[in-house]
Structure formats: structure tokens, C-alpha cells
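S.K.: sequence and predicted structure, then a few things I'm wondering about:
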Amino acid sequence: MEEHAPLQEATPEKVGTHTSSAQLEMRDMLLNIGPAHPAMHGIVRIVAQLDGEQIEKAEVEIGYLHRGFEKMSEQVDYNGVMPYTDRLNYVSPLINNMGYCMSVEKLIGISVPVRCHYVRVILSEISRITDHLTCVGATAMELGAFTVFLYMIKAREYLWELVEKVTGARLTVSFCRVGGVKADLPEGFAGLCKEAFAETRKVLVESDGLLTRNRIFVDRMNGTGVISAADAIGYGITGPFLRGSGEAYDVRKDCPYAVYDRIDFDVPVGTRGDNMDRYLVRMEEMEQSMRIVEIALADMPPGALQLDPDTGREIPAAEMVDLAKVGDIGAISGGCAVAGPTLEGSGRAQRPSIAADEKRVFLPPKEDVYGNIEGLMSQFKLVMHGHGVRPPAGEVYFPVEGANGELGFYVVSDGTGNPYRVRCRPPCFAIMSALHELLQGESMADMTPTFGSVNMIGGELDR
Amino acid sequence: MNPQDLIESVTSRFPDAVSSSHVFRADATVVVTPEGLLAVARFLKEDPELALNFLMDLSAVDYSAFGQGHARGLFASSGVAVAPSFLIPDLDPWPGPPGERFAVVYHFFSGTQRHRLRLVVPVPETRAAVESLTPLWPAANWLEREVWDMFGIRFEGHPDLKRILMYDGFEGHPLRKDYPVAKRQPLIGPQN
Amino acid sequence: MSNDDSFMTSRLNEALGWARKYSIFQYPFVTACCGMEYMATACSHYDVDRFGAGFPRFSPRQADVLFVVGTISHKMAPVMKRIWEQMAEPKWVVAFGVCTCTGGFYDNYATVMGIDTILPVDVYIPGCPPRPEMVLDGLMKLQDKIQQEHTTGERAAPEPRPPILEP
């Protein structure tokens, strides 16, 4: 909805060319942009005070998608928060999952197996690519390059198919568990990944050709929305936005978590801190993310978990649902417990390699629950009130590198089955709090690329 | 700097303002009185050794219902006590909530030194106010508005302390533990 | 439609209905996560254009169908109502995603428990978020509804919302 403040009625003095400029009455116009506006992907309201085309002052109002994430987290148990975290930054849900899980794991004091770290890293890097694709695509669309948007959504679709192969869902995946992930990567994942990345790279090359040397795009991005590194730090801005200003802070490099310290990748950094630099940083980060996934897939410890002590044969996942029953579980799980279509991926739950060896914490795989008494008991104990994951009383803060910057979870436990407080440090909140400064002094049309490069995600901003 | 050194450098400089400190899961935490907050924060930012130039996060916790959550076991309602057998023993326990009803929690990060520090400021319910950090970090502006909106803790010296996520006309502060989760105050439409 | 209508006018009405259902101008009122699936549906992979609805209008005055995509908070509800009021008749409302249908799992102080407490809804597409296939199915249901309206001359009234049970 776009509303114009009532303008002064045009009087001859104002419109006539015969009067001298000294007689002209100047009035600022208040322009109300949003909360539902075509140039805003996301619901936010900007009240801009205009002097002609120039924005003199802007006021940003948020909260239109506040849906009580932090309050809801206090109502459910530790694993129950997972679906809510999906919907924080819904363009890259797996990073949120990972951040939340790692903070709870830090609170409990457990560590997950290396393979699980790799699975999480691979999936969160794929999510990062989808996030950047959406951001760049939407920005390009708002600047008139609709083709790029279609191309990038096409690439995102390939990656989502990949995510769907692993998690069973396209978008809201809830894949991580406290102490592990739901299931291992499916067989042949590396090959699928290679194909999807080949398509994505093709799209990136095409988009690069359509945007990076496109006069209209470059002119609108260059020199707009400039912020210096010092200002950005003052506002607590992190992620691609800060790196566009020349500060190479990346949580993955500077406070490494999971297995990022074992993986070699570059952190692209801009110099001018304008929209163009942020666009270039995002484009390069997608390439780096693909590189991380490729390295991680190659380095990952093998999926087979255990060797049969008698024959030396590798025991595949389906046969080894519970350590307690290695050997005879094959008949049980194959015989009576068949995962329904909604349990896609549950056969891949290779517990010891993807989950912490801590049964008091990790939800058993579904086939285990339906297939044997230990699994059922374990599930029952973890799900019933007062028996679930119960970290000791304490408080932790754990940051991961979200697609927009440092995504931190501050979790307070009082020793009961529900989190006492879950606070999410949303990266785009900091960027949005600086938006009024970015817009100030720019022309009205520059608002679109600047807002696009912020990559505002309502779920994360307003929670 | 490691967590112990971080705490040490703050405590030695402000023996009066720091009421306690601890390291839990390698997170350095310093509990500071509301009066001393601004001076401590300025020191954290300007001291070249600490150089905590990022105000990463600012939030609050309402400790009024601490330990009263769903601790009951499955059969607790029938009178059969269920012991908390699931607790994982902790060798280095957390000292517990800071004592007052609210705690305002600041997370700082140093972009050059790559270390983090948490400041906890206990705030009593009767005088729920702390000094604003907006003169030091512009990032504090919105974060403090959010804490005001969600917890009703005032920030003295804040340039424009008003609701940010909820709307004008919303009564109460939803993240306080005594605000019922489903108490709706619709602008239009039925009360559902 | 009265019984006096001739064969010709009723045929004409049906033809109008056919034309109308394949030229839906939609207003995507995108607020949240479902917007990502909305994007996916609208773009080349699933191509909503095959159903004549590929032309999103970002002005309510040019739109026939309001797609409410994503959670509506109490802060946003007046805005949505206003947009609906600005749309010209005939107009339809599609509730996209479970938050708009019932409020979903955000049963708390901030969210509206289903937009049908505020607007009359014609088609509900549940799912969190619904898959594109499901969105297309919902769209086809809406098309049937539009056609039926022109064939029978009556607009099916939205079903009354059942009362909300107190926990």
C-alpha cells in the first residue's frame, strides 16, 4: 500500500515559471513505503521524508512478522524448538538448525561425531547458496532483470531437490537433532551434488554475464548504499554486508566451529562497501560454498560404521539400527517396520556416525522406534514430559555464520525439559537498524538496490 | 585472550562494579551492577587489549520462573515422584541466576582479538532500568527498544525508546514469564 | 440465475467464467516462509503461467485474487484487511499455508489464528509451506469455483468458521 501524504495544492507561485526561485515554497513530502510494497520483498515499513527525489530522512518500522519465536521456544522441549528455528531464516533453514543444535550441545557438553559435522556443514553450505541465490535474484528482479530471477530460482530448485533427497522436505527441513542429524546422506549423494552444482555454476555464469557487465545494473549498484567498515561494526553488522565494506570477519574462519577449520576456503572481501561490492561478495561466496561442499564430500569419513567382527564385512545402515542389536536387527527392521513415505530418509539413520553416542539426548531413528523395544523406550523417555533432553542449568551463546552474518543462539536452561530462554541473534536485525543511514541522502530509486542487498528476511528479523 | 584473562582484566579495573564472574562452557561472564555498566562498557570498547568493538547481542532474561518449568515426571500427577535421573553430571557447574528478577545480557565480540565476553546486569523488578549503550554503539538502539518492548526494562538515555516488534496499544511485555503465551490483543478481528 | 434466462445468456455466462478462470490476476500478499514456495511456484520449474495466473499485480485495484502467503500477525492484520477492501469485485481470497488457514503452530500472542477470522476465504492450501504441486491444486480448485459461479450464477458462501475451542 502506498500512501502519499497530502501535498500542498499547486498554486501559481509554485508551478509557475515566471516567479523567482526565492518565492518558491519548499515542502518536504512524507512517503510511506510498505508494509506491502512491490519493491519490498518482505514486510517492512519505511517512512521517507523526501526533498524532491532525495531521501532526507528515513524511518524504518519492523515487527510485521513478529510471531513469538522466543516465547514459543519456552513452551516446547529442546527438540521441539527445531521447527521454529527452520522458520527464522526460511531461505537457509539448515544453518538455523545447526546453530541452535550446536548451542544446545554446548550447553549439555557433548560433541557430535565428525561425520555428523560434515553432514551439517555440507547442508548448511547448500542452504547458503540458496539464500544468496534468492537474495541476488530478488534484487536483480527489482532492478528490472527478471530473467536473472528466473534463472536463479531455477538453480535454487536444483539445490532444493538435493536438500529434499537428504531431508525429505524442500524448505522447512527440521533436519538436525540435538546431538546429531536425522539421517545420513543418501547413497550417491556426491554424484547428485556434482550434477546440481554443474547446473548452478551454469546459472551463475549466465547471471554474471547478465548482471556484472550490465550497464543499468552496474550503474544502480555502484556507489549506492555505502557504509564504511567502522560504521558497520558500530551497528553490529556481520556477514556479506560487513565483508563488502572490507572487513574480513567470517565466523567460519575467525571462530571456527564444526569442521570449518579443516576446510580450505576463501573469504571474499569488498573495498567500497556499496551495493555492487555486496553483490560481488555474494556471487563469490556461492562459488566458495560449492568449493566447501566439494572438499567436505571428499574429506568426509566413510559412511560405513562398523565392521562385522566375525567376517570383517561392512554392516550397512539398514541392518544396524541399534547398537544393542547388531546382528539380528536386520530381520526385524526389514520384516515389520517399513518406513512410510513421510519417513523418507529414516533408513539412513546411521546412529553412531551421525549422532552423538549419548542416548539420553539423541532421538532414536524412526525405524528403531517402530522396530525394537529399545528404540521405542528411548523415544518414549525422550518425548514424555520431564524425561527429554535436560541440559544442566546454565547459559551459553553460540555463533554460526548465517547467510546474512553471525547467527547466534543464546540459550538459558534451568535444568528442566524446556529451554528457559532461547534468544536468537538475527543477523539482519543489525543491518536493518542501519538502513535509515544507508538511505539518507540517496535518491528514492536507490532504495530498491540498497534494500535488496540487505536481504531482509522477515522471519529472522522479527522472529 | 582466554576467558580467565578477560574476566581478570575487567575485575581488576572495576572491583566495585563487578559483583561476580564465572566461566561456563568457555563463555566468560562478568556480572556488573547497573550503576557501573556504562563505565565498564566504555572500557571494554576502548581498551586496546580487550578491543571489544562489536556489540553482538543485547537481550534480557526474566528469571522469575526459574526452575519451575516442566520438571514433573510422567507419573508426577499421580503422586509418584520421578527423580531427575536424566541429568548429565556437570563438572563445572553454572553458579545460577544472578539474583534479581531480570538480567540484561550483553554479548561483546572483538573483531581484532577474536574473543567474546558476556556482561550480565541484574535488574530488580521495582526499578527495571539500566543505562543505554547507544552513545557507544548505535547497534544498541534497536536492541534496547526490543528489550523494552519484550521485557519492559527501561534504558535511560535512549533517544527514542518505543515499541519495535509489537504495535502501539499493545499492553504488557510478552516475554515476561507472567505474560500468558496466548493472550492476544488484536487490532481488528475477533479475540481468538 | 433465474429460470427466465435464455440458453444464450447462460452459455455466455459460462464462457465468461471460462475466460475469467484462465486469466487470474493475483495479488501475492507475501509475508513469510510460504513466499519462498510461492516464488518457486511462480517461476519456471512449476510455472503457474500454465494456469493463466502468471501475472502478479502488485496493486490491489488490478487484482482478482488475493493470495495471502505466510503468517499474518496482529500488527499486519489491518494492512491485509485494507488491501482486501481495495480490491474490486469480483474477488477471491486464497489462504496459502497453514498459518493463514489456522494460525499453525504459532498459537501465541502475536499471530492471527487464521485469516478467515478477518476475511472470507475461498480456497485453503494447508502445508508448512505447501509444496508447489499443492499450490497448483489449490489454484485449480479456485478455477473450478470461479467457473461454477458463472455456471450456476451463485457464489458459494464461504463456510462458517467453527468456533474456537478453549483449551
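M.R.: In hand now; what should we look at?
S.K.: in the stretch 1-150 of chain A, which spans are strands?
M.R.: Counting by DSSP state E, counting those that start in this stretch, one finds strands in the stretch 1-150 of chain A at the ranges A:2-4, A:29-33, A:45-51, A:54-61.
S.K.: distance between the third one and the chain's centre?
M.R.: Translated: strand A:45-51. Averaging C-alpha positions (CA atoms, centre = their mean, to the nearest Å) puts strand A:45-51 30 Å from its chain's average.
S.K.: who does that strand pair up with?
M.R.: Partner strands and pairing direction for strand A:45-51 (DSSP bridges) are strand A:29-33 (antiparallel), strand A:54-61 (antiparallel).
S.K.: any chance of those in JSON lines, plus distance to residue A:277, mean pLDDT and mean neighbour count?
M.R.: The C-beta positions use only the backbone N, C-alpha and C, and glycine is treated the same way. Formatted as JSON lines, the strands paired with strand A:45-51 follow (distance: least, CB to CB, whole Å; pLDDT from 0 to 100; neighbours: other CB atoms under 10 Å in any protein chain shown):
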{"stretch": "strand A:29-33", "distance to residue A:277": "25", "mean pLDDT": "85", "mean neighbour count": "17"}
{"stretch": "strand A:54-61", "distance to residue A:277": "21", "mean pLDDT": "88", "mean neighbour count": "17"}
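S.K.: reformat these into TSV and put distance to residue A:187 next to each item.
M.R.: As requested, those are exported to TSV (distance: least, CB to CB, whole Å):
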stretch	distance to residue A:187
strand A:29-33	50
strand A:54-61	48
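S.K.: quick one: which of the ones you listed is nearest residue B:37?
M.R.: strand A:54-61 (27.0 Å; CB to CB).
S.K.: what's the closest one in contact with?
M.R.: Residues outside strand A:54-61 that contact it (CB atoms under 8 Å, 6 or more residues apart in numbering or on different chains): A:28, A:44-50, A:432-433, A:435-436, A:439-444, A:447.
S.K.: need the buried ones from these selected in ChimeraX.
M.R.: One line in ChimeraX is enough to select the buried ones among these; burial here means 16 or more other CB atoms under 10 Å in any protein chain shown:
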select /A:44,45,46,47,48,49,50,432,433,435,436,439,442,447
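S.K.: so how far is chain C from residue A:222?
M.R.: Distance, residue A:222 to chain C, using CB to the nearest CB, to the nearest Å: 27 Å.
S.K.: may I have the distance across stretch C:100-114, first residue to last?
M.R.: Start to finish, the residues bounding stretch C:100-114 are 5 Å apart (CA to CA, to the nearest Å).
S.K.: mean confidence score for that stretch?
M.R.: In this model, stretch C:100-114 carries a mean pLDDT of 87.
S.K.: and the spatially most central residue of chain C, what's its pLDDT?
M.R.: For chain C, the residue sitting closest to the mean C-alpha position, by CA atoms, centre = their mean, is residue C:94 at 1.8 Å. Residue C:94 is assigned a predicted lDDT (pLDDT) of 90.
S.K.: before we move on, what about residue B:138?
M.R.: According to the predicted model, the pLDDT of residue B:138 comes to 91.
S.K.: just to revisit the earlier point, so the residue nearest to the centre of chain C bridges to which residues?
M.R.: Judged by DSSP bridges, the bridge partners of residue C:94 are residue C:67, residue C:123.
S.K.: likewise residue B:55?
M.R.: Here residue B:55 sits in beta bridges with residue B:108, going by DSSP bridges.
S.K.: that one: what's it in contact with?
M.R.: So, once contact is read as CB under 8 Å, 6+ apart, residue B:55 ends up touching A:236, B:106-108, B:133, B:136-137, B:139-140, B:143.
S.K.: for chain A, give the helix that spans the most residues.
M.R.: Using DSSP state H to define each element, chain A has its longest helix at helix A:114-142.
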